[in-house]
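Colleague: I'd like to go over a predicted model; first the sequence, then the structure.
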Amino acid sequence: MNLWLRVLWLLITAPFRARIPAPFGISVLHFRVWPHDLDTNLHMNNGRYLTIADLGRTDLLLRMGLIKLVLKEGLQPMLSGSAIRYRRELRPFQPFRLESCILCWRGTSFVMQHRFVIRGKDGQDQTAAIALVRGGLYDKKRRLFVGAERLAQAVGYEGESPEITPDIEAFLTVEEGLRRR
C-alpha cells in the first residue's frame with residue numbers, strides 16, 4: 001500500500017461523501033499508520049505528515065466543488081510554505097484522523113490548517129500534530145496565481161476572509177521572510 005492507493009481511494013470515494021460547505025467546512029479523513037509510513041524510530045515519518053496533508057487539501061478541492069474550476073482552467077494547487085508542530089507520535093498501525101480546513105486568505109494565498117487527531121487512553125481526542133500551510137491555485141497559461149477572492153466566489157462565497165489572527169500573521173511573516181531570502 002502506497003500513498004497512490006490513498007489518492008485513488010480518495011478520488012473514488014469523494015463523489016459518495018457529503019459536500020463540504022465552502023469555504024469554511026472541514027474535511028475529515030481517516031487513516032492508519034502503515035509500515036511504509038515509518039521512519040527509523042518506528043513512528044510516522046515527519047515528512048509523511050505533510051504528504052498526508054496533501055490528501056486533506058485534495059479532499060477540500062473535490063468536495064467544495066473547486067475541482068471543476070481547476071480542471072476547466074488548468075489550475076495547479078501549489079504551496080508556498082508550511083509549519084508543523086508535532087505533539088504525539090503516531091505508532092505502527094495506529095488509526096488517526098486528519099481534519100483539514102481553510103482558515104483565511106489574503107491576495108492569492110489561502111492559509112489552511114491540518115490537524116492529526118488520535119484517540120487518547122482516556123478515550124478523548126488528542127492532537128498528534130498540527131500544521132499551517134499557505135498556498136493557492138496557479139494558472140499555468142497566464143503564469144500567475146489566481147486571486148483568493150475569485151476562488152471563494154467560485155464556490156459561492158461572497159464575504160470577506162475571516163480575520164487573520166496574530167499566530168497566522170506570524171506564520172505569514174516568517175513565510176514571507178523566507179521567500180525573500
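Modeller: Arrived safely, thanks for sending. Residues are numbered from 1 along each chain as shown.
Colleague: hang on, residue 49 packs against residue 84?
Modeller: Yes - because the distance of 6.1 Å satisfies CB atoms under 8 Å, residue 49 is recorded as touching residue 84. C-beta: built from backbone N, CA, C; applies to glycine.
Colleague: any idea which element the spatially most central residue of the chain lies in?
Modeller: The structure's the chain has its C-alpha centroid closest to residue 57; by CA atoms, centre = their mean the separation is 3.7 Å. Using DSSP states H and E, the element containing residue 57 is helix 46-64.
Colleague: between residue 49 and residue 84, who's got more neighbours?
Modeller: Relative neighbour count places residue 49 above the other of residue 49 and residue 84, with 22 against 16, counting by other CB atoms under 10 Å.
Colleague: Could you pull up the residues touching that one?
Modeller: With contacts defined as CB atoms under 8 Å, 6 or more residues apart in numbering, residue 49 is in contact with 84, 86, 114, 116, 129, 131.
Colleague: which stretches of the chain form helices?
Modeller: Assigned helices in the chain, in chain order: 3-13, 46-64, 67-73, 148-154, 166-180 (criterion: DSSP state H).
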